[in-house]
Each structure stands twice: as structure tokens, then as C-alpha cells.
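Undergrad: got a sequence here, can you build the structure:
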Amino acid sequence: MGQVRQLGDTLNLWMTGKWILLSALTGVSVGLAAILFHHMQYYVQHWTLERWSGYIPPGAAGEGGGSLEAIGTFSPGMLLLVMTAGGLASGWLVYRFAPDAEGHGTDAVIDAFHNQRGRMAARVPLIKALASAITLGTGGSAGREGPIAQIGAGISAQLGERLKLTDRDRRIVLATGMAAGVGAVFRAPLAAALFAGEILYRDPDIDSDVIVPSAMSSIIAYTVYSLSLPAGMRFTPLFGETLQFRFTSAWELVPYAVLAVVLAIVSAFYIRVFYGTQAAFRRLPVPPFLRPAIGAFAAGGLGLAAFLVWDRNPTILGVLSTGYGVIQQAMQGDVEVGIGLLWGVAVIKIFTTSLTISSGGSGGVFGPSMVIGGCTGAAMGQFFHRLWPTLVSQPQAYTIVGMAGFFAGAARAPISTIIVVSEITSNYHLLLPTLWVATLCYLLGGHDTLYRKQVRTRVDSPAHHGDFVIDVLEGIKVADVYRKNVKLLKIPEAMTMRGIVHSLAMTSQRYFPVVDGGGRMVGVFSAEDVRSYLYDESIWQLAVARDVMTTEIVTVVPAEDLNTALRKFTALNVDELPVVDPDGGELLGMLRRKEAIAVYNRRLMEHKQGHTPADVDSDR
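TA: This next block holds a predicted model:
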């Protein structure tokens, strides 16, 4: 038994070391990619949007803020031209080289996890980075989380391919890449790890397998990315050190509940407009690469129309680009940002985002969702402050709660959204009202979601079908399944290759235990391991069983259940495992994977028929 336990400990240690290494490689690679993506976007923005149209989109405090003032002379016509040209360039890149890079990106990662076995084309990260940098840098209404999620996932998918990982491991690595990208760009490593596990499902569920590797990769990527920033912005929240709002009265849960209802309505409207716009663009009788240009032109025209309606107030231009500057102003309590302006940004941002992304432009939906939800929350906060100034004394707090509640309902991801908003605003005193509003928004949102590739739960995901096979088998012992009366061909460790070849010709056995003089198993080899020796008779008398066998034996004992056995099958990717005596280590037989699956099929049929599970030995 001690020998078996030692082998299990060795296997666990190897698995732990493997995931530390994979998470570190993913974190460093994606962190460097996030730095490159950051500089690409701002390079495009500087040389197009700022230089040609004379406009600097205001950003979050942690990004250096930015000014609402135009540099030089602001040219609305040139802004429209820059956005249209950006849409055209982005569309040509995507549809010419990587159609998978179309849209907001996160859905593509979710689909790769569930349905593509963690695989993604090698060209996707590069094209996604270029197309998204152009879309965002030329003023498109989109966010960075979708692109960096797909970029990070694409990089980690290639890592999984190069290392020839199993399907399960490749899926986990894919999720760690997504987490690393989101954790770096949003400077929220904890939330990114939870996001990677939660965003995969529409109903309340989370993929626990990805949490720990994602946490390690997102921490490393966040560190690498932050070290590239100017000294004053390193390891700071995205929106800087905001005012520390507090929840002081249980009665305030009432206006927060009203806020949740409003957010749920706006969220449902956003989803319908977004996918309605997508359907409309797909019906346009034009080449697909032209659609993002048409969408960018329409979004720019709508933004400039709002600019004129609001008396050329530069804040309303938050309906273009990321729009983070508007959120920054709302959280700081800027008196110039009133209820009307906030509602204007929230509603118009829905349409400019839909036009930019649903037309085929490359950008994320999380950033715009924060702006829409934050502006809705800020507007409602000011409204409640006028009604109950003593109860709602900090209306700016509704900006933060609105961001979390809106995306929790729209994306079906309440837990990670609560954490990400707390991390990017450095405000943890609002966890209670944020949880309250996010939960209500999630419940009121029904099953509609921004991410159409989400599945309901792990039961519905092809990625976890094997896990639920194991659940059905739980309780059945190895002793009930393996063949006890089959005589195994055991190979003495000193047998020459000639003897082995002749022995293999007389049996259909696939795996061969190698035993020492005392009959104890010292190794194992498969029929495939012998193939390389078949056509080289010169070494048939020199090579012996010791030269072919592997000594890294993973075994099972009769008392183990098939839950444990199938995990070993999956980890080693083999079809048979030796069954040994736990005390003396004597070889008792071989457990075949197909025998375990046959038992599963019988057990599943019994469950479906509602019968009491029969003795698994009865029909063997």
C-alpha cells in the first residue's frame, strides 16, 4: 500500500508542477502581448484620432486620465472619416486573414472551450490585436476585454498545441490565457480568474478546474503588464483611488432594488439592439469586409449628432471610443454631468456599440457595458438623491453599483463582475449593495445573454461529458470490473527482443507487465513500444525487456473506485492500467478502459429505466 501511495503522491506532485509551469508561461506570454496591444492601440489613436481629427478621448485615471479638450481644432468631419477608415481597415484584416477574429472575441473563446477542444487558429491573436487596435484607436465604441481575452486565449491555445496537451488540459490552458489577458488589461487578477470560470455558463455554475491556474496566470500577466507602465500608474486600479463610498443604511436597499429593475430593463434592451443590429448587417447586400466601415460611419454620425444636440459638450463623445472618461467624471461627482447627459450617454452608447461591433468591427462588449451601466446608475443615483437626500447621500456610489449590476445581468456572470468592479475602482465598501443589485439583475435578466456561445451548465458542455461519466461510475470498485480469470502474459525483465517478438505474435494482449525473478512487476510496455525494433534484427539478441519497458508505473488496487481509475486513465491517456495487490505489489490483472465504459453504459441504462443498479458482476 505504501508503494501505491508513493506513486499517487508522485503523480500529484507532477501535476502541480505542470500547472505552475503552464500558468507561468501563459502569464508571461499574455502579459507581454497585453503590453504590445496597449501600445498598438495608443499608437493608432495618436496618429489618427488625435492628429487628424484633433480629439483626445478621455480615459480612466489609472491610464493617465486624458483631457476632454480637443487639441488644435476639432474637426467633426475628419473624425467621421477616421472612424470609417478604421472600420474599413479592420474589416479587411479580419475577413481577409482571420474571420474568427470578428466581433467581440469572448464568445469565440467560450466556443473554443466548449466545442473546439481548446483549439484556436494560430493567426487569430495577431489579427485580433491589429484589428482591435485599429477599431479602438480610431474611435470605435468598444472595449478591450474581448480582444485581449481572445488574444490571450489564442496564445495559450498555441502553447497547448506545441506541448501536445490533452483536450482537458488544452481547455484549461485556454481559460488561463483568457484570464491572464483580462487580469492584465483591467488590473483585476482576482476577478479575471473568477471571470474565466464563470463566463462559460449561462446558469449559476463555475468551472472550478480553471480557477487556480487562471489565478496564477492572471497575477503574473498583471505584474508583467503593470511593470511596463509609468511609475505613477503601476499596480494602481484602472479608475485610480476613487472616493471611498460606504453603505450606511439598510433602507437604501429599496432605491438600490429600483435601480436593479431599471438596469435589467436597459440590459434587455441592449442585448436586443446588439443582436438585432447584427442580424440587420448580415442581411446587407455588400461584401462582409465593408460592413464594419458602414457601422463605424453610422456610429460616428450618431455620436456627432449627439455632440451637436448637447451644445457641443465634449462629454457626450463618451458614446465613442471606450467612454471611460464619463465614468471617471460620474464617480468624482462632476456637477457638469447631469441626469440628462448621463441618460444620453447610456442610451446612445447602446447604439454606437451595436453599430461598431455587430457590423463586424473588432472590440469587446464589457467596457461599453460598464459605461452604459455606470451612467444608468449615476443618473438614478442623482435622481434618488433629489428625492431622499438624507438617505442617498452619496449618489456617485450608484455609478459603481450600476456597472456591476448591468453586466451581471447582461453577461450572466454576477460573482466575477462584483469583484472586477470592486478591483478597478478600489472600492470594497459597497460589496453588500453591489451583491444585492447584481443578484437581482441576474434573476430579472432571464436567460438572455450577450454571450450566445455560453451553455447552461457543465452538464450541457462537451468539455465536461467525461466528468459526468465518472459521477455515474462512483461507488463501483475496480475489483468489480477487471478480469480476474484472464491469464496475462508476463515478460521476464531479461527476455531478449527476439523472445518478446515471438511472444507477442502468440497473443492479442496489448500491454505487457515486466517482472523480476521473484515475480514482482518492475515495468510495463505496450505492443506499440516494440514496433521500432521489428525491422532491426541485429539488436534482437542485444535488447531486452528492460530496454523497452517504462518504470513509471501508475497502478490501481482492487479497493479503488472507478472514479479514481478513470482520472488516472485521463491523466495518462492509456487504455489499460495494472491492478496490483496493495500489500505485496503482486500483479493481479489489467483494468481496461473499455470495460469501465461498458459498466457505465449498463449503469446509465438502469438509471434511465428507474431500476435499482444491478450487480455489475451479473452480466460479465
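
Undergrad: going forward, measure contacts between C-alpha atoms and count neighbours the same way
TA: Fine.

Undergrad: which ones are touching residue 109?
TA: 149-150, 153, 174, 178 (Cα atoms under 8 Å, 6 or more residues apart in numbering).

Undergrad: tell me the one among those nearest to residue 132.
TA: residue 150 (10.7 Å; Cα to Cα).

Undergrad: you'd agree that closest one is up against residue 176?
TA: No. The criterion here is Cα atoms under 8 Å, and residue 150 misses it with residue 176 at 11.3 Å.

Undergrad: out of those two, which sits in the busier spot?
TA: Using other Cα atoms under 10 Å, the more surrounded residue of residue 150 and residue 176 is residue 176, with 36 against 32.

Undergrad: what's the mean pLDDT across stretch 578-596?
TA: For stretch 578-596, the mean per-residue pLDDT is 77.

Undergrad: buried stuff in it?
TA: 578-582, 585, 587-593, 595-596 (16 or more other Cα atoms under 10 Å).

Undergrad: cool, and stretch 550-558?
TA: 550, 553-558.

Undergrad: coming back round to it: go through the buried residues of stretch 578-596 and say which is closest to residue 460.
TA: For the buried residues of stretch 578-596, the nearest to residue 460 is residue 596 (22.5 Å; Cα to Cα).

Undergrad: ok, that closest one - contacts?
TA: 481, 562.

Undergrad: over to residue 289?
TA: 88, 91-92, 94-96, 360.

Undergrad: of these, grab the buried ones for ChimeraX.
TA: Buried residues within those, by 16+ other Cα under 10 Å, are selected in ChimeraX with:
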select :88,91,92,94,95,360
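
Undergrad: among the contacts of residue 289, which lie within helices?
TA: 88, 91-92, 94-96 (DSSP state H).

Undergrad: from residue 198, how far off is residue 49?
TA: Distance, residue 49 to residue 198, by Cα to Cα, to the nearest Å: 36 Å.

Undergrad: quick one: low-confidence ranges for the stretch 1-150 of the chain?
TA: The stretch 1-150 of the chain contains residues with pLDDT under 70 at 1-15, 64-72.

Undergrad: all helices of it, in order?
TA: 2-44, 51-53, 76-97, 106-115, 124-137, 145-162 (DSSP state H, counting those that start in this stretch).

Undergrad: what of the stretch 351-500 of the chain?
TA: Using DSSP H, counting those that start in this stretch, helices in the stretch 351-500 of the chain cover 366-387, 397-411, 414-425, 431-444, 465-473, 497-504.

Undergrad: where does residue 216 land on pLDDT?
TA: Looking at residue 216, the pLDDT reads 95.

Undergrad: I misspoke; the intended subject was residue 533.
TA: Reading off the model, residue 533 has pLDDT 68.

Undergrad: what do you get for the one 10 residues further on?
TA: The predicted local distance difference test score for residue 543 is 77.

Undergrad: residues contacting it?
TA: Contacts of residue 543 (Cα under 8 Å, 6+ apart): 496-497.

Undergrad: same question for residue 92.
TA: If you count contacts by Cα under 8 Å, 6+ apart, then residue 92 has 289-290 around it.

Undergrad: I'd say residue 591 and residue 484 touch.
TA: No. Using Cα under 8 Å, residue 591 is not in contact with residue 484; the gap is 9.6 Å.

Undergrad: can I get the ones in helices among the contacts of residue 289 in TSV with distance to residue 137?
TA: Listed next are those as TSV, based on distance: Cα to Cα, whole Å:
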residue	distance to residue 137
88	13
91	14
92	16
94	16
95	19
96	20
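
Undergrad: just give me the closest of those to residue 274.
TA: Taking these together and measuring to residue 274 by Cα to Cα, the closest member is residue 91, at 18.1 Å.

Undergrad: so how far is residue 515 from the residue nearest to residue 493 when sequence neighbours are not counted?
TA: If the residues on either side of it in the chain are set aside, residue 493 comes closest to residue 545, at 5.0 Å by Cα to Cα, 6 or more residues apart in numbering. Noted for residue 545: a distance of 9 Å to residue 515, by Cα to Cα.

Undergrad: before we move on, what about residue 438?
TA: From residue 438 to residue 515 the distance is 62 Å (Cα to Cα).

Undergrad: these two - which one has more neighbours?
TA: residue 438 (31 against 21).

Undergrad: wait, isn't that one in contact with residue 406?
TA: Yes. Taking contacts as Cα under 8 Å, residue 438 lies within contact range of residue 406: 7.3 Å.

Undergrad: please identify the deepest-packed of the helices of the stretch 351-500 of the chain.
TA: helix 397-411 (a mean of 31; mean count of other Cα atoms under 10 Å).

Undergrad: returning to what we had before: what's the burial count for the residue nearest to residue 493?
TA: A count of nearby residues for residue 545, using other Cα under 10 Å, gives 24.

Undergrad: I'd assumed residue 522 was in a strand, is it?
TA: Yes. Counting by DSSP: H, G, I helix; E, B strand; the rest coil, residue 522 falls inside a strand.

Undergrad: quick one: it from residue 504, how far?
TA: Per Cα to Cα, residue 522 is found 19 Å from residue 504.

Undergrad: also residue 98?
TA: Distance from residue 98 to residue 504, by Cα to Cα: 49 Å.

Undergrad: repeat that for residue 254.
TA: Distance, residue 254 to residue 504, by Cα to Cα: 77 Å.

Undergrad: residue 152 too?
TA: On the measure of Cα to Cα, residue 152 and residue 504 end up 48 Å apart.

Undergrad: now swap in residue 251 and tell me
TA: Residue 251 is 80 Å from residue 504, by Cα to Cα.
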